[in-house]
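Colleague: Test case, fold it:
(2 chains)
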Amino acid sequence: MNLTCSEQQRTACGVGGLYTALAIERCLPIMHCGPGCFGNVSATLGGMNGGQSGETYLGSVIPSTNFCEDDVVFGGTERLRKLVEECKKYYDADMFMIVDGCTAEIVGDDIEEVASVCTENDKPVLYAALPGFKGNSVWGHEQVLSAIVDQFLKPAEKTNPRQVNVFGIVPFFDPMWAGTLDALESLLVHLGLEPNIIYGREKGIANVNKIPEAAFNLILAPWTDLGVAERLRERFGTPYLHFDNMPIGPTETARLIRTLADYADLDRGKAEALIHKEEERFFYYMRRSYSWIFGCKNFPRKFIVNAGAAAAVSVTRFAVNDLGMIPYRIYITEGVPEEYEEMVRAQLHNIDYDGDFEIIFSEDGGLFEESLKTEDFSIRKICVFGTAWDLVPVKKHKLTFVSVAAPYGNCMIGSRTYFGCEGALRFCEDLYANAADNIVDPGI
Amino acid sequence: MAIDLNWKTIPAREQRLGSITGYDGMLLDMATQGCQGCLKDKRRDFQTASSCAHHHLINQLAGLRDVAVVDHAPIGCVGSQVFFSSGRAKTEPPPGAPPMENVRILSSGLNEPDTIFGATEKLKDTVRVAYERHHPREIYIATSCVSAVIGEDVESVATEMSEELGIPVVVGAGEGLRSKIWASGFDAYCHAASLARLKGKAPTENKKPSISYVGFAPMGRRHIEPLFRRIGLDLICLTASASIEDFQRAAESVATWGQCGAQSSYLCGVLEKEFGVKYFQSHLPYGGIGFERFFLDIARFVGREADGKQAIEEEKAKYLPKIEKIKQKLKGKKALIAMGASFAYEYTRILGELGMEVMHTVAYHYDPKLDNLHPEERVAAATDVFELKLNVPTSVNDAQQQETNLIVKKYKPDIVLSRAHEAGVFAQLQGIPALDAEIGLIVMGYRGLYRFAVLLEEAFQTNNLVKKFGKRYVSAFSELYESTEPFQFYREESI
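Modeller: Numbering: from 1, shown residues only, chains lettered A, B, ... in the order given. I've put the predicted structure just below:
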């Protein structure tokens, strides 16, 4: 029986990699794709993902050749070349990223050739082949980053000993990417580093240009961007520090700060003072609400995660180490490459809890809803940390729910983040409010 | 007549109806050329991403009750469906039916080796998983750009799986590259649903006193059902959540109409051609003028004209005084409209009815004809041109908002009236007030007109946020583009 079919997908297709380009201010994706390819990636990564879109370029102004039947027969490279030339005239942009989809790749249109013909000194035109049959949007993200590293960056004349490039987070696939990067930037500055982040507000091509100057690259994710970090090491000799998650809550935040202090030889006193301050602040607010939290008598201790590895590791560490919850089953849904599966498994087990729990690697986001047909939650409920797809089944079964990954939901995400100790409080606000709602009518 | 339930693959809307996505001129000329069969399309060199038939085929099919959809495509071609699943789950179920659940859409997940070796076995397995997981009463297989380009024999798989599973397994033509008009996906949905739910059913002489509505959602049904009861008709909604039985009942109803020509025409046409259900397409029931014409057409058709007139009078008495009050505030305001093919011109008439001036109407495509049996019955927009002398500067683009933006800049309207596709967002961010209008049953009749008038009134009451957006607007385009006259990217040739 075929095991690769899926439903309730938590990623978009490879073309979704263009959202990484959109996260870089004034980087314009140019699509050599079917007319609907943007629409197909934009719900999971945009509108249904906390009401997000590109900011420099709204979804409705992203240029596309709208690949059609004629192009299958005659090829579409000439139409693409014309479109790129017009984009250079008509858009206000610092960088152009040609991306193509399935059909252009099958018929063999040469986007590399178009990019090279169209590039001028002040208007770089890069290219990334993103056919959905080769990978999903997380794969697409790495293709776009690799295009920038391989086609655009040049070796730096000097290294900035304080500069750290931040990678690992996949913009939009991590729905809280913008708020998280803002908060992370403040933390790194406080520790005496000069963070260089390429995504989000007021970053853009200037920061992209600075990538080769960094003292080191910081990868804050279970596995994403490790390939990019390797490429950066090969090309520019930049070492990298791999910290396996974007911390939520006091335990992981403290571990990140200490890891950075050790690695980059930062002021230890300052680091410990910050850890102390953040932890005390977190527990102050937790104590202040604990009478109410404790009153949530039926609060489910066990939890399921149905999301990508990044959300799963961050949430599992916090839920177990800081909130005393119990992992029950974890679905990892973004198609983690086989070579990383054991590493991610080990990361999930690296928690302050000895019991066993199930970890399932599958892009089939529907497995959780399917499991509800045979699970018995009539005596004890469970918490679900998932995506907008999970809302309907959790409501039906009156399960406590927090959205932690794309597609995040039909709402405005704003600058929301679960990062650090402050973000952990946001997580607790969402978690216990939802639990309290279900306790009024637990359905038991 | 462009309906045929023997078609394996329904032709794209461009070929089937002569529909277009490029035009600039006057509505009178476009409607006249459309009626004479000489309307030509225009291409554009510079264009932005639009939408595709695949997306709409699947969201319509998956909305139906008791179905599973299998997408024979790479995994991401159903990436947009979470939006529809979320909306559908919030839809009020019909009386007695269980709450709505997530849509049941499985992707066969075509990958690189599949593009070389084919993947019909994988497709069969996906159909089996869909059946075992959800026990649907029907399964639809959607084709895609990739399945078409690599030449998959999806029809044979559907036939084989239908025999194996003992339920209808029907193919929907969802190749996004086949049509520039996303409404081709609506046609493919109507065709596939008709094959599964209506083909082979014998027409009946004993029609039931009912009318069927073809549309996206049944939202607003509770306000409209009582009106039809006044003329002795039950309302059947062939919308998201419609069951197989709803389709069967629709085939026995006396009349049908659709929310718009784009989404509904083919299914209404099937009901008319195959089952003798009269399709009312020329007058759509929006605004006071539209509602009165439409409702009286139907009341006359079922021999209940007096009851129809009485119902209209009562609706008017209830809402017209309130509408008149708001009209004073709207008088003389100038609007620009950017919407789908039917509603663009419906709202052109409605804004006129409310005393406003429409400076320009952008339609996301235009159908010169639709699917009813009687060619003398025109599409609704053309009917208004000839019946009401409706005329307005107009253009057609497939949600090319950079084109619409130039038109907005040229006309400087007081308000932009849009629906989806970001025309209104674009305007608001530049400091121009905008309103995203509703469609379907909720807009129907005098209640719908009053509701719309209230929304408009509010839109003009304060624009504090819009003004602040406007002060901070930074164009995504160069000065060269911003100083360009509209329509210069069109090429004056037919496709």
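Colleague: Every contact and neighbour count from this point should use C-alpha atoms.
Modeller: Noted.
Colleague: ranges for the helices of the stretch 301-450 of chain B?
Modeller: B:305-330, B:341-353, B:380-387, B:401-411, B:423-429, B:445-461 (DSSP state H, counting those that start in this stretch).
Colleague: Please enumerate the strands of the stretch 51-200 of chain A.
Modeller: A:95-100, A:125-129, A:160-167, A:194-196 (DSSP state E, counting those that start in this stretch).
Colleague: For residue A:154, find the nearest of those.
Modeller: Relative to residue A:154, the nearest member of the strands of the stretch 51-200 of chain A by Cα to Cα is strand A:125-129, separated by 14.0 Å.
Colleague: out of the helices of the stretch 301-450 of chain B, deepest packed?
Modeller: Greatest average neighbour count among these goes to helix B:423-429 (a mean of 24), per mean count of other Cα atoms under 10 Å in any protein chain shown.
Colleague: who are the neighbours of it, in terms of helices and strands?
Modeller: Packing contacts for helix B:423-429, counted by 3 or more Cα pairs under 8 Å, 6 or more residues apart in numbering or on different chains; DSSP states H and E, involve helix B:401-411, strand B:415-418, strand B:434-436, helix B:464-471.
Colleague: Let's have the helices of the stretch 301-450 of chain B in a markdown table, adding mean pLDDT.
Modeller: Output for those, formatted as a markdown table (pLDDT from 0 to 100):
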| stretch | mean pLDDT |
| --- | --- |
| helix B:305-330 | 98 |
| helix B:341-353 | 97 |
| helix B:380-387 | 96 |
| helix B:401-411 | 94 |
| helix B:423-429 | 94 |
| helix B:445-461 | 97 |
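Colleague: Which one of those helices lies nearest to residue A:173?
Modeller: Checking those against residue A:173 by Cα to Cα gives helix B:423-429 as the closest, at 23.7 Å.
Colleague: Determine how far that closest one lies from the middle of the whole chain.
Modeller: Centre-to-centre, helix B:423-429 and its host chain are 22 Å apart (Cα atoms, centre = their mean, to the nearest Å).
Colleague: Stretch B:32-52 too?
Modeller: The chain centroid and the centroid of stretch B:32-52 are separated by 17 Å, computed with Cα atoms, centre = their mean.
Colleague: try stretch B:459-475
Modeller: Per Cα atoms, centre = their mean, the centroid offset for stretch B:459-475 relative to its chain is 30 Å.
Colleague: List the contacts of it.
Modeller: A:92, B:428-435 (Cα atoms under 8 Å, 6 or more residues apart in numbering or on different chains).
Colleague: change it to 10 Å
Modeller: The contact list for stretch B:459-475 (Cα atoms under 10 Å, 6 or more residues apart in numbering or on different chains) reads A:56-57, A:91-92, B:329-330, B:333, B:414-415, B:425-435, B:453, B:455, B:482.
Colleague: can you tell me the helix or strand for residue A:373?
Modeller: Under DSSP states H and E, no helix or strand contains residue A:373.
Colleague: List the contacts of it.
Modeller: Residue A:373 makes contact with residue B:133, according to Cα under 10 Å, 6+ apart.
Colleague: now residue 435, nearest residue through space, not along the chain?
Modeller: The chain I'm using is chain A. Take residue A:435 and drop its neighbours on the chain: the residue closest to it by Cα to Cα, 6 or more residues apart in numbering or on different chains is residue A:400, 5.0 Å away.
Colleague: My question was about chain B, not that one.
Modeller: residue B:417 (5.1 Å).
Colleague: Average pLDDT for stretch B:467-475, rounded please.
Modeller: Average pLDDT, stretch B:467-475: 96.
Colleague: ok so, going back, columns distance to residue B:264 on top of the strands of the stretch 51-200 of chain A, output as CSV?
Modeller: CSV is the format used below for the strands of the stretch 51-200 of chain A (distance: least, Cα to Cα, whole Å):
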stretch, distance to residue B:264
strand A:95-100, 33
strand A:125-129, 37
strand A:160-167, 48
strand A:194-196, 52
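Colleague: Just tell me which of these ends up closest to residue A:429.
Modeller: strand A:160-167 (27.9 Å).
Colleague: Give me the residues contacting the closest one.
Modeller: Outside strand A:160-167, the residues that touch it by Cα under 10 Å, 6+ apart are A:145, A:181, A:184-185, A:188-189, A:192-199, A:207-208, A:210-221, A:224-226, A:228-229, A:238, A:240-242, A:264, A:266.
Colleague: Can you list the low-confidence ranges for chain B?
Modeller: When residues are selected by pLDDT under 70, those of chain B lie in B:1, B:492-495.
Colleague: Break it into its domains for me.
Modeller: B:53-197, B:321-491 (automatic domain parsing).
Colleague: Please identify the deepest-packed of these.
Modeller: Sort those by mean neighbour count, taking mean count of other Cα under 10 Å, and domain B:53-197 sits at the top with a mean of 22.
Colleague: from the middle of its chain, how far away would that one be?
Modeller: Worked out by Cα atoms, centre = their mean, domain B:53-197 lies 19 Å from the chain centre.
Colleague: So what would you say the end-to-end distance of it is?
Modeller: 21 Å (Cα to Cα, to the nearest Å).
Colleague: cool, and stretch B:379-399?
Modeller: Taking Cα to Cα, stretch B:379-399 runs 21 Å from one end to the other.
Colleague: wait, does it contact chain A?
Modeller: Yes. Stretch B:379-399 lies within reach of chain A by Cα under 10 Å from any Cα of the partner chain, at B:398-399.
Colleague: Quick check: residues of the stretch 251-400 of chain A near chain B?
Modeller: Taking Cα under 10 Å from any Cα as the criterion, the stretch 251-400 of chain A approaches chain B at residues A:363-364, A:366-367, A:369-370, A:373, A:388-393, A:396.
Colleague: give the contact list for residue A:19.
Modeller: Contacts for residue A:19 (Cα under 10 Å, 6+ apart) come out as A:29, A:38, A:41-42, A:45-46, A:53-54, A:137, A:140-141, A:144, A:170-173.
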